[in-house]
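Asks: kindly return the folded structure for what I paste below:
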Amino acid sequence: MTVTVHPDSRESLEEALHGRGLRVTQQRLAVLRALAARPHADADEVHRAVAAELPGTALQAVYVVLGALTDAGLLRRISPAGSPARYERRVGDNHHHVVCTSCGAVADVDCVHGAAPCLEPSDASGFSITTAEVTFWGLCASCSEAEAAGTDHPTKETDV
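Replies: Residues are numbered from 1 along each chain as shown. Take a look at the predicted model:
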């Protein structure tokens with residue numbers, strides 16, 4: 001009988017941590033769960049989710065865990081211009097991101113041409129390329145609709 005383990009089960013998360021040589025801690029598990037529910041979250045968002053699960057968790061502790069998980073290759077850190085660093089669990093592929101210029105929403109964009117064509121620049125200046133990051137900018141569907149209607153995006157912060 002084959003047992004299917006959900007990728008976000010405690011067992012699969014523990015296996016992922018062990019597979020990267022990391023100890024299993026409640027904070028690491030909570031951060032991985034938070035990012036499963038909130039892809040592209042910044043450290044403050046992750047901290048709020050972790051603190052709800054593990055009261056008393058310091059923001060600095062979340063930063064340490066995010067750094068360790070990123071260094072181990074379990075998370076990817078993205079830094080859209082004008083935005084705090086964001087983290088995601090989608091690693092190991094060459095996908096890109098689209099960022100809303102109004103509300104800051106971020107979404108994944110698969111590489112259009114298949115297997116990492118943007119890893120072959122016209123001139124690499126002697127570098128051995130391992131990763132390429134492409135960020136597309138525009139308005140998300142909600143902000144486009146709000147703009148067409150002449151209103152602000154419902155989650156956009158406005159100056160008071």
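Asks: so who does the residue sitting nearest the centre point of the chain touch?
Replies: By C-alpha atoms, centre = their mean, the mean C-alpha position of the chain lies nearest to residue 88, the distance being 2.1 Å. The contact partners of residue 88, taken as C-beta atoms under 8 Å, 6 or more residues apart in numbering, are 35, 39, 40, 75, 76, 78, 108. Yep, even glycine has a C-beta here, placed from its N, CA and C like the rest.
Asks: and with 6 Å instead?
Replies: Shown in contact with residue 88 (C-beta atoms under 6 Å, 6 or more residues apart in numbering): 39, 40, 76.
Asks: what stretches of this protein score poorly on pLDDT?
Replies: For the chain, applying pLDDT under 70 flags the ranges 1-7, 112-119, 153-160.
Asks: domain boundaries for this structure, per the record?
Replies: Following automatic domain parsing, one finds the domains of the chain at 10-78, 94-149.
Asks: how far does the shortest one sit from the chain's center?
Replies: Same thing as domain 94-149. The chain centre lies 13 Å from the centre of domain 94-149; the measure is C-alpha atoms, centre = their mean, to the nearest Å.
Asks: also stretch 63-71?
Replies: 12 Å.
Asks: tell me the buried residues in that stretch?
Replies: Across stretch 63-71, burial judged by 16 or more other C-beta atoms under 10 Å covers 65, 66, 68, 69.
Asks: mind saving the C-alpha coords of it as CSV?
Replies: The C-alpha trace of stretch 63-71 is given here as CSV (Å, rounded to 0.1, in the frame of the first residue of the first chain):
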residue,chain,number,x,y,z
TYR,A,63,14.8,36.9,10.3
VAL,A,64,17.4,34.3,11.5
VAL,A,65,15.2,31.5,10.4
LEU,A,66,14.4,33.1,7.0
GLY,A,67,18.2,33.5,6.4
ALA,A,68,19.0,29.9,7.4
LEU,A,69,16.2,28.5,5.2
THR,A,70,17.3,30.7,2.3
ASP,A,71,20.9,29.7,2.7
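Asks: show residues contacting it.
Replies: Residues contacting stretch 63-71 (C-beta under 6 Å, 6+ apart): 27, 28, 31, 43, 75, 77, 87.
Asks: the same query, at a cut-off of 7 Å, please.
Replies: The contact list for stretch 63-71 (C-beta atoms under 7 Å, 6 or more residues apart in numbering) reads 22, 27, 28, 31, 43, 46, 75, 77, 87.
Asks: now do stretch 13-21
Replies: Contacts of stretch 13-21 (C-beta under 7 Å, 6+ apart): 24, 28, 29, 32, 72, 73, 74.
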